[in-house]
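Asks: following is a predicted model, sequence given first.
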Amino acid sequence: MARFKTQLVHGVAIEDNNTGAINPPIYNSSTYAFESVDSVPRWDYARSGNPTREFLEQQIAQLEHGVRGFAFASGLAAIHAVLSLFDPGNRIIVGDNIYGGTYSQINEFFTRWGLQFDAVDTRDLDAVEAAFERAASDGVSVKAVYFETLTNPLLKVNDDAALADIAHRHNAIAIVDNTFVTPYLQKPLDYGVDIVLHSATKYLAGHSDVVAGLAVARTEELANRIYFAQNRLGGVLPPAECDAVRRGIQTLALRMDRQQQNALAIANFLERHPLVAAVHYPGLPSNEDYHLALRELQGCGGVLSFEVRKGVNPADILDNLHVFRLAVSLGAVESLAEFPASMTHFEVPREERLKLGITDELIRLAVGIEDVFDLTEDLKQALDIAERVAAPSRRQETARVKVTVNA
Ligand code: PLP
């Protein structure tokens with residue numbers, strides 16, 4: 001059987017291409033002809049399935065070691081379909097540090113639908129056990145534990161194996177959003193997780209040119225339920241976008257190798273910079289999750305975040321970057337920088353955000369494949385500007401203190 005990097009390039013061929021074309025065809029057809037009234041064709045209508053989407057769905061199922069994959073119009077459409085497997089009145093234990101859009105989908109949509117959520121720090125396994133006990137005393141059934149392996153934007157590491165084990169002991173399933181990790185760095189189903197989700201918009205497509213979501217199931221039973229949700233909710237990925245994700249996946253390993261090499265170099269640079277109060281990247285030996293990351297991940301990816309010292313305005317850094325573009329999203333070939341407080345995590349109320357450690361001094365970097373010296377030089381010159389802007393106000397502070405003392 002082909003190894004992972006070969007699987008990335010070739011996917012699982014479907015036997016419908018007799019032209020010799022190296023790439024699978026893009027079928028731009030919404031409907032497919034029946035041979036006769038009583039025939040049952042393999043393809044009938046493109047929302048239910050089409051060969052271009054099937055190629056991608058088989059490709060991701062193979063890479064994630066699942067039984068079946070599903071392609072959606074966005075990461076949030078994939079999450080919507082998977083959460084819709086549950087019934088009103090069911091409870092889901094959810095990581096308290098998840099993507100802002102997922103947080104909003106849960107709180108502003110699914111709670112209206114009658115699903116209950118208990119948000120806990122999923123790195124604290126006792127807190128997860130306590131959430132199951134809470135549900136039992138409320139007489140409510142917990143159906144799933146939902147989390148992200150690498151959390152956004154603080155890059156904390158969740159223990160997939162331990163969380164899947166706790167979920168299963170309580171007759172629940174484990175669902176992980178592995179957008180920040182990808183199957184190149186970890187295959188959660190191998191750790192016992194039941195459903196893997198991706199915003200394929202990010203590393204899998206890899207070029208900031210498509211919005212897409214993927215889900216992979218570990219069992220046929222879950223796969224059948226996800227298929228029903230995919231087909232009935234209808235948020236499917238169109239053929240051209242399926243092909244864009246397929247093509248992105250072909251170079252995932254090459255891109256990710258360079259991205260995480262660059263990210264580690266930048267993390268090291270920032271850790272030594274006097275304006276930086278903290279760097280969040282589990283690939284750094286100083287990080288509290290370094291050993292868990294070593295145990296469960298093949299690398300820590302290209303995203304990191306850092307906090308500037310109080311008195312330094314993060315905007316003075318972000319507004320003066322030239323190689324890094326000021327933009328949300330991550331995982332693509334170009335480097336991006338953003339301010340979680342007002343950009344990716346604006347949906348999270350400030351008080352809650354601060355409790356989670358997403359401070360007003362936090363900057364997130366999504367590192368691309370550029371020359372790492374251009375990236376560090378870019379950060380250095382922006383940090384220099386921020387320092388110059390901060391210095392007069394710090395001098396004024398000192399002057400005020402002196403005046404007070406003199407008075
Ligand atoms: N999950 C994570 C971890 C994300 O970062 C994002 C988007 O940033 C999503 C899900 C949503 O994906 P999409 O934007 O493709 O809907």
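Replies: Nice, I can see it.
Asks: so what's whatever residue of the stretch 1-150 of the chain ends up closest to the ligand up against?
Replies: For the stretch 1-150 of the chain and the ligand, the shortest gap (CB to the nearest ligand atom) falls at residue 75, measuring 2.3 Å. Just so you know, the C-beta spots here come from the backbone N, C-alpha and C atoms, and that holds for glycine as well. Contacts for residue 75 (CB atoms under 8 Å, 6 or more residues apart in numbering) come out as 101, 177, 179, 197, 198, 199, 200, 201, 202, 211, 212, 213.
Asks: one more time with 10 Å, if that's ok
Replies: Contacts for residue 75 (CB atoms under 10 Å, 6 or more residues apart in numbering) come out as 99, 101-102, 177, 179, 197-202, 211-215.
Asks: what about the ligand: which of those touch it?
Replies: Counting by CB under 6 Å from any ligand atom, 99, 101, 102, 177, 179, 199, 201, 211, 213 from those sit close to the ligand.
Asks: rewinding a little: among the contacts of residue 75, which are in strands?
Replies: Those of the contacts of residue 75 mapping onto strands are 177, 197, 198, 199, 213, 214, 215, per DSSP state E.
Asks: how about CSV for those, with neighbour count and distance to residue 366 added?
Replies: Formatted as CSV, the ones in strands among the contacts of residue 75 follow (neighbours: other CB atoms under 10 Å; distance: CB to CB, whole Å):
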residue, neighbour count, distance to residue 366
177, 29, 16
197, 27, 19
198, 32, 15
199, 29, 12
213, 28, 18
214, 28, 19
215, 32, 23
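Asks: show me what counts as buried in the host helix or strand of residue 255.
Replies: In the assignment (DSSP states H and E), residue 255 maps to helix 252-271. When neighbours are counted by 16 or more other CB atoms under 10 Å, the buried residues of helix 252-271 are found to be 252-253, 255-256, 258-264, 266-267, 269-270.
Asks: next: stretch 213-231.
Replies: Applying 16+ other CB under 10 Å to stretch 213-231 flags 213-218, 222-223, 225-227, 229-230 as buried.
Asks: same deal with stretch 282-299?
Replies: 282, 283, 284, 287, 289, 290, 292, 293, 296, 297, 298, 299.
Asks: same deal with stretch 189-209?
Replies: In stretch 189-209, counting by 16+ other CB under 10 Å, buried: 189, 191-206, 208.
Asks: where does residue 244 land in three-state SS?
Replies: With DSSP: H, G, I helix; E, B strand; the rest coil as the basis, residue 244 sits in helix.
Asks: could you find the closest non-adjacent residue to it?
Replies: Distances taken as CB to CB, 6 or more residues apart in numbering place residue 210 nearest to residue 244, at 4.3 Å, with adjacent residues excluded.
Asks: just give me the neighbour total for the one you found.
Replies: The tally of other residues near residue 210 (other CB atoms under 10 Å) stands at 21.
Asks: what's it in contact with, if anything?
Replies: So residue 210 contacts 74, 200-201, 204, 237-238, 240-245, 247-248 (CB under 10 Å, 6+ apart).
Asks: before we move on, the earlier item: now the ones next to the ligand among the contacts of residue 75 as a markdown table including pLDDT?
Replies: Listed next are the ones next to the ligand among the contacts of residue 75 as a markdown table, based on pLDDT from 0 to 100:
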| residue | pLDDT |
| --- | --- |
| 99 | 89 |
| 101 | 90 |
| 102 | 93 |
| 177 | 98 |
| 179 | 97 |
| 199 | 98 |
| 201 | 98 |
| 211 | 98 |
| 213 | 98 |
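Asks: up against the ligand, what does this structure have?
Replies: Going by CB under 6 Å from any ligand atom, the residues of the chain near the ligand are 74-76, 99, 101-102, 148, 152, 177, 179-180, 199, 201, 211, 213.
Asks: could you redo the last one with a cut-off of 5 Å?
Replies: 74, 75, 76, 99, 177, 179, 199, 201 (CB under 5 Å from any ligand atom).
Asks: pLDDT on stretch 125-137, on average?
Replies: Regarding stretch 125-137, the rounded mean pLDDT is 98.
Asks: for that stretch, buried residues please.
Replies: For stretch 125-137, by 16+ other CB under 10 Å, it's 128, 131, 132, 135.
Asks: same check on stretch 111-124?
Replies: Counting neighbours by 16+ other CB under 10 Å, stretch 111-124 gives 115, 116, 117, 118, 119, 120, 121, 122, 123 as buried.
Asks: just stretch 378-386 next, same as before
Replies: 378, 379, 382, 383, 386.
Asks: in contact with the residue nearest to the spatial centre of the chain, which residues?
Replies: Per CA atoms, centre = their mean, the C-alpha nearest to the average position across the chain is that of residue 179, at 2.8 Å. Shown here is residue 179, whose contacts under the criterion CB under 10 Å, 6+ apart are 75, 78, 99, 102, 148-150, 152, 196-204, 213-214, 301, 303, 330-331.
Asks: for the protein, what helix or strand is lowest in average pLDDT?
Replies: Lowest by mean pLDDT, DSSP states H and E among the helices and strands of the chain is helix 372-406, with a mean of 76.
Asks: confirm residue 143 sits in a strand?
Replies: Yes: assessed by three-state DSSP, residue 143 belongs to a strand.
Asks: for the buried residues of stretch 213-231, name the two members farthest from one another.
Replies: 213 and 218 (17.9 Å; CB to CB).
Asks: just checking, residue 99 touches residue 152?
Replies: Yes: taking contacts as CB atoms under 10 Å, residue 99 lies within contact range of residue 152: 5.3 Å.
Asks: overlap in contacts of these two?
Replies: 177, 179, 180, 344, 345.
Asks: residue contacts, the third one?
Replies: What it means is residue 180. 99, 148-153, 155, 198-199, 202-203, 300-303, 330-331, 366.
Asks: now do 6 Å
Replies: Residues near residue 180 by CB atoms under 6 Å, 6 or more residues apart in numbering: 150, 301, 303.
Asks: ramachandran angles for it?
Replies: The phi/psi pair for residue 180 (degrees, to the nearest 10) reads phi -80, psi -10.
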